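Asks: Would you be able to build a 3D model of this:
(one chain, ligands or ions: 2)
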Amino acid sequence: MLELKGLSATIEDKEILHDINLTIGQGETHVLFGPNGSGKTTLLMAIMGFPRYQITRGSIIFKGKDITSTPLDERARLGIGMSFQRPPVVRGVKTQDMVSASLGDRGDEATITTLAERANMTDLLDRDINYGFSGGEIKRSELMQLQAQRPELTLLDEPESGVDLVNIALIGELINELLEKGCHIRERRCMGLIITHTGHILNYVNARTGYVMVNGRISCGGDPHEILATIKEKGYEECVRCILRGVEWLR
Ligand code: ADP
Ligand code: MG
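Replies: Ligands and ions are numbered 1, 2, ... in the order given. This next block holds a predicted model:
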């Protein structure tokens, strides 16, 4: 359902992503590990279609359609949604208005109330988006907006960063709802790509495959828990060595 073929991308003429190959099947959740500055956020931004991120080689196929040159808004309408690592504050726009816009025709008051209750966001609906929100509130707000949008492909950029221990279980629940984890994989419509720096989210959300990104390349793919254990034991230096040795599991 999502296929990246030999994707390279630049920001401000600097190549950040090199030759990324990745396939996520319907109903699957994959996680992406990697040190700071390795290009994880850039990858999500390129899949979402932010114009600052220029795709210079390769292609993005979503639901059988080549969307490499498709504008961001159309990608969103096709069913791609994203939560940001550090989303901006939007003064003058209430959180409730964003949820309502994301719901479109389904945006009646009862639906908004239910979404807000589930995300423990009821008291924040009336506030400007992210204005004065805590780390946990920002992430819950992002997930509530995604639940309103109901994307088929959900891109989550470090959903657990800045979130305390009480909130992380709720964050996990909201992600599981978004990715339809309650259904059998064959009945699931949704798929996810989750960036995690710490791997903490894996305690709450099941994922089928993990990758490590180092210096804008994917160094390996495999069982996410195994990858995490290796990173904890040996650090990302081992991943760098893998790349230098030319180990490219995904080819
Ligand atoms: P990660 O999410 O893995 O921490 P990023 O994708 O944010 O990594 O960044 C990858 C690289 O791209 C870093 O070297 C970063 O400095 C660079 N970068 C990110 N945004 C910009 C930008 N707007 N202009 C120039 N370089 C950028
Ligand atoms: Mg990042």
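Asks: which stretch of helix or strand covers the closest residue to residue 166 other than its chain neighbours?
Replies: Nearest-residue entry for residue 166: residue 136, 7.9 Å, with adjacent residues in sequence omitted and distances by CB to CB, 6 or more residues apart in numbering. In this view, the C-beta of every residue, glycine as well, is placed from N, C-alpha and C. Element membership for residue 136 (DSSP states H and E) is helix 135-149.
Asks: Would you mind measuring from the residue nearest to residue 166 to residue 207?
Replies: Going from residue 136 to residue 207 by CB to CB, to the nearest Å gives 22 Å.
Asks: Check residue 160 too.
Replies: 13 Å.
Asks: of the two, who's got more company?
Replies: residue 160 (26 against 20; other CB atoms under 10 Å).
Asks: what residues does this protein put near ligand 2?
Replies: Counting by CB under 5 Å from the ion, the chain comes close to ligand 2 at 40-41, 85.
Asks: same thing but 8 Å
Replies: Within the chain, the positions adjacent to ligand 2 are 36, 40-42, 85, 157-158, 195, 197 by CB under 8 Å from the ion.
Asks: Identify the farthest-apart pair in the residues you listed.
Replies: Across these, the two members that end up farthest from each other (CB to CB) are 42 and 197, 14.6 Å apart.
Asks: Of these two, give the one with the bigger neighbour count.
Replies: Remark: of residue 42 and residue 197, residue 42 carries more neighbours, 21 against 18, as counted by other CB under 10 Å.
Asks: Checking my notes, the more buried one in a strand, right?
Replies: No. Applying DSSP: H, G, I helix; E, B strand; the rest coil, one finds residue 42 to be helix, outside a strand.
Asks: For it, which non-adjacent residue is closest in space?
Replies: Nearest residue to residue 42 in three dimensions, chain neighbours excluded: residue 16, at 4.6 Å (CB to CB, 6+ apart).
Asks: And the one you found, how far from residue 24?
Replies: Plainly put, residue 16 is 21 Å away from residue 24 if you go by CB to CB.
Asks: From what I see, residue 26 and residue 184 are in contact.
Replies: No. Taking contacts as CB atoms under 8 Å, residue 26 lies outside contact range of residue 184: 11.9 Å.
Asks: what about the two, which has more around it?
Replies: residue 26 (16 against 8).
Asks: check which helix or strand covers that one.
Replies: Per DSSP H and E, there is no helix or strand for residue 26.
Asks: related to what we said a few turns ago, let me know the next secondary structure element after the helix holding residue 136.
Replies: Downstream of helix 135-149, the first helix or strand assigned by DSSP H and E is strand 153-157.
Asks: Show residues contacting the next helix or strand after that next one.
Replies: Following strand 153-157 in sequence order, the next helix or strand is helix 165-178 (DSSP H and E). Contacting residues not belonging to helix 165-178 are listed as 118-120, 136, 139-140, 143-144, 146-147, 154, 156, 159-160, 163, 182, 190, 192, 194, 200-201, 203-205 [CB atoms under 8 Å, 6 or more residues apart in numbering].
Asks: out of the residues you listed, which are buried?
Replies: Those of the contacts of helix 165-178 that meet the buried threshold are 118-119, 136, 139-140, 143-144, 146-147, 154, 156, 159-160, 163, 190, 192, 194, 200-201, 204-205, by 16 or more other CB atoms under 10 Å.
Asks: Low-confidence bits of this structure, can you list those?
Replies: 243-251 (pLDDT under 70).
Asks: residues from it in reach of ligand 1?
Replies: Neighbours of ligand 1 within the chain, by CB under 6 Å from any ligand atom: 11-12, 14, 16, 34, 36-42.
Asks: from these, which two are the most distant?
Replies: Across the residues of the chain next to ligand 1 (CB to CB), the longest gap, 20.7 Å, separates 12 and 34.
Asks: Neighbour count for these two, which is higher?
Replies: Using other CB under 10 Å as the criterion, residue 12 and residue 34 rank with residue 34 on top: 25 against 8.
Asks: what's the closest non-adjacent residue to residue 185?
Replies: residue 27 (4.1 Å).
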